[in-house]
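fold the stuff below for me.
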Amino acid sequence: MDDRRLLGLGGALGALGVAMGAFGAHAVKGWLEAADDGAARLAWWHTGAQYHLAHALLIVALGVWARSYPGRLPRAAAWCAAAGIVLFSGSLYAMALTGVRALGAVTPLGGVALLAAWALVLLAAWRRDPPSNGQT
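All right, here's what the predicted structure looks like:
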């Protein structure tokens, strides 16, 4: 994936993260709070939105980095971050909306993907993976 697409992916996920945060703060807040476990549901939603936005920003940063560092590791990190957003934040959003706690079994998989993204950032910074276009 080229740097433009990484920037686009980060921008799209960032916009979706803002929308999900606003949706949780306005559209479903009262509904979530009215549930028996409303405080937990609202907390899940907020946690999902926070991690969603933070990792969308990571993807944007990786897109910028990829412009001057065309190695494989920043792109792999971006894909891990995107998968982590879907699995981690997505499962928290789904749990908040449905109250089905079994969906929480997916959340750690997303957390592992997010950790892998940051580990790949660290590895890329430390290793200086050679550029993918054959230049040194």
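
which elements pack onto the host helix or strand of Trp44?
Element membership of Trp44, judged by DSSP states H and E, is helix 38-68. Judged by 3 or more C-beta pairs under 8 Å, 6 or more residues apart in numbering; DSSP states H and E, helix 38-68 is in contact with helix 3-22, helix 29-34, helix 72-84, helix 90-98, helix 107-127. Bear in mind the C-beta positions are built from the backbone N, C-alpha and C, glycine included.

and those, which one averages the lowest pLDDT?
Among the helices and strands packed on helix 38-68, helix 29-34 carries the lowest mean pLDDT, at a mean of 84.

how far off centre is it?
25 Å (C-alpha atoms, centre = their mean, to the nearest Å).

contact partners for the nearest residue to Leu97 once chain neighbours are set aside?
Nearest in space to Leu97, with sequence neighbours left out and distances taken as C-beta to C-beta, 6 or more residues apart in numbering, is Val28 at 7.3 Å. Contact analysis of Val28 by C-beta atoms under 8 Å, 6 or more residues apart in numbering lists Trp45, Ala96, Leu97.

closest to Thr107 out of those residues?
Nearest to Thr107 out of the contacts of Val28 is Ala96 (C-beta to C-beta; 11.5 Å).

that closest one and Trp44 touch, don't they?
Yes. Counting by C-beta atoms under 8 Å, Ala96 does reach Trp44; the two are 4.4 Å apart.

ok, and what's touching stretch 99-106?
Under C-beta under 8 Å, 6+ apart, the answer for stretch 99-106 is Ala35, Asp37, Arg41, Leu87, Gly90, Ser91, Ala94, Met95.

which of those tops the neighbour count?
Using other C-beta atoms under 10 Å as the neighbour criterion, Arg41 leads the contacts of stretch 99-106 with 24 neighbours.

surely that one touches Tyr93?
No. Arg41 is not in contact with Tyr93 according to C-beta under 8 Å; the separation is 10.2 Å.

still on that earlier bit, so how far is Leu42 from the residue nearest to Leu97?
Val28 sits 9 Å away from Leu42, going by C-beta to C-beta, to the nearest Å.

spit out the residues that contact these two alike.
Common neighbours of Val28 and Leu42 (criterion: C-beta under 8 Å, 6+ apart): Ala96.
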